[in-house]
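Q: build me a model:
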Amino acid sequence: MKTQIRFTALALSLMFTSGAALADMKIGVSMSQFDDTWLTYLRESMDKKAKSYPDGVQLQFEDARSDVVKQLSQVESFISQKVDAIVVNPVDTAATRKITEAAVKAGIPLVYVNRRPDDLKLPKGVVTVASNDMEAGEMQMQYLADKMGGKGDIVILLGDLANNSTTNRTKGVKEVLAKYPNIKVEQEQTGIWLRDKGMTLVNDWLTQGRKFDAVVANNDEMAIGAAMALNQAGVDKGTVLIAGVDGTPDGLNAIKKGNMTVSVFQDAKGQADGSIDTAVKMAKNEPVEQNVWVPYRLITPQNVDTFK
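A: From the prediction side, this is the model:
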């Protein structure tokens, strides 16, 4: 009888210890910036995912405010706090080496989310959860090329030039353009992901008398800004095709109203769930894929109601 009681007590002890380990799990999250619409959805989804675990997982969010040095300092602070894992949405995808080296040296699992570092080969203990940005550019441009009948002039609104999402989405656009020699790029400038900057650029081009048949934006915010500029200039809705990326609520609404032609859905929840789930597994020494790809999906007026 005493042996059975001791066995039961041991089983309960192990069960509570296991639960406590997860409940005590702390993950440091450094976001490139809080002041970004899509990244806000990503951050909120991460928080929901962490709270969905039976015993909870504690996240400590920090805002790098688009500062590479600040982001490295935040990661170093996480390391000194001995967090169980670190998740980073990098400010500059070309400046992640010191972050990677610091986490690996400390033996703390590191997950890059949404933006993959430029380093082609990441070391063991470092994982990326993101979407293939070239795919997004290809999808939006192919849709426009079909709508344009393979000819016309376009302008491109680029995101932050320090971000390889900008580079790869634009590369995807140009991969499609290579098949359509009668579609010309009239202008190509950075709107650094911002609605008001996209609006200003398009307004300036219209004021200069430039003519274009479509606006290809690296994200929905700049696309919405372009639509606002065209509307203010008295351009009839739908006359100039407008494409974005992300599928934010504002972007979906713009498609429903006919202000945007198309977008490409970037799954914030999918990336958030993938990053936190991967970080938890790594902290528990469970096997994970080094590259977790979350697919893009095309959003058109015909299927926009299926997206939330």
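Q: the residue nearest in space to the middle of the chain and residue 183, how far apart?
A: Geometric centre of the chain, nearest residue: residue 114, 3.9 Å, by CA atoms, centre = their mean. From residue 114 across to residue 183, the span is 29 Å (CB to CB, to the nearest Å). C-beta coordinates here come from the backbone N, C-alpha and C atoms, glycine included.
Q: pull the contacting residues for the residue lying closest to residue 248 once chain neighbours are set aside.
A: In this structure, residue 248 finds its nearest non-sequential neighbour in residue 220, 4.9 Å apart by CB to CB, 6 or more residues apart in numbering. Residue 220 is in contact with 37-38, 244-248, 250-251, 254, 260, 263, counting by CB atoms under 8 Å, 6 or more residues apart in numbering.
Q: any quick PyMOL command for the buried ones out of the residues you listed?
A: Selection of buried members from the contacts of residue 220 for PyMOL, criterion 16 or more other CB atoms under 10 Å:
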select buried, resi 37+38+244+245+246+247+248+250+251+254+260+263
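Q: confirm that residue 258 sits in a helix.
A: No: using DSSP: H, G, I helix; E, B strand; the rest coil, the secondary structure at residue 258 is coil, not a helix.
Q: pLDDT wise, what is it at?
A: At residue 258, the predicted lDDT confidence score is 97.
Q: who touches the nearest residue to it once chain neighbours are set aside in this structure?
A: Nearest non-adjacent residue to residue 258, counting by CB to CB, 6+ apart: residue 237, 5.3 Å away. Residues near residue 237 by CB under 8 Å, 6+ apart: 231, 258-259.
Q: quick one: residue 237 from residue 231, how far?
A: 7 Å.
Q: okay, and the common contacts of the two?
A: residue 259.
Q: got phi/psi on residue 128?
A: Per-residue torsions, residue 128: phi -120, psi 130 (degrees, to the nearest 10).
Q: is it bridged to anything, and to what?
A: Listed beta-bridge partners, residue 128: residue 112, residue 291 (assigned using DSSP bridges).
Q: for the stretch 101-250 of the chain, what spans make up the strands?
A: Using DSSP state E, counting those that start in this stretch, the strands of the stretch 101-250 of the chain run over 110-113, 126-130, 152-158, 183-190, 214-217, 241-243.
Q: and of the ones you listed, who's closest to residue 285?
A: Set against residue 285 and scored by CB to CB, the strands of the stretch 101-250 of the chain come closest in strand 126-130, at 13.5 Å.
Q: which elements pack onto that closest one?
A: Strand 126-130 sits against helix 97-106, strand 110-113, helix 268-283, strand 291-293, with contacts defined as 3 or more CB pairs under 8 Å, 6 or more residues apart in numbering; DSSP states H and E.
Q: quick check: closest non-adjacent residue to residue 300.
A: residue 262 (5.7 Å).
Q: the one you found touches residue 142, doesn't it?
A: No: counting by CB atoms under 8 Å, no contact exists between residue 262 and residue 142, whose distance comes to 9.9 Å.
Q: neighbour-wise, which of the two wins?
A: residue 262 (26 against 19; other CB atoms under 10 Å).
Q: next, the contact list for that one, please.
A: Residue 262 sits in contact with 140, 143-144, 241-244, 255, 298-300, where contact means CB under 8 Å, 6+ apart.
Q: swap the cut-off to 6 Å and go again
A: 143, 243, 300 (CB atoms under 6 Å, 6 or more residues apart in numbering).
Q: quick check: closest non-adjacent residue to the first one.
A: Read it as residue 143. Counting by CB to CB, 6+ apart, the residue nearest residue 143 is residue 262, at 4.8 Å.
Q: what is the one you found paired to in the beta sheet?
A: residue 243.
Q: look up how far residue 247 lies from it.
A: For residue 262, the distance to residue 247 - CB to CB - is 10 Å.
Q: now residue 101
A: Residue 101 is 35 Å from residue 247, by CB to CB.
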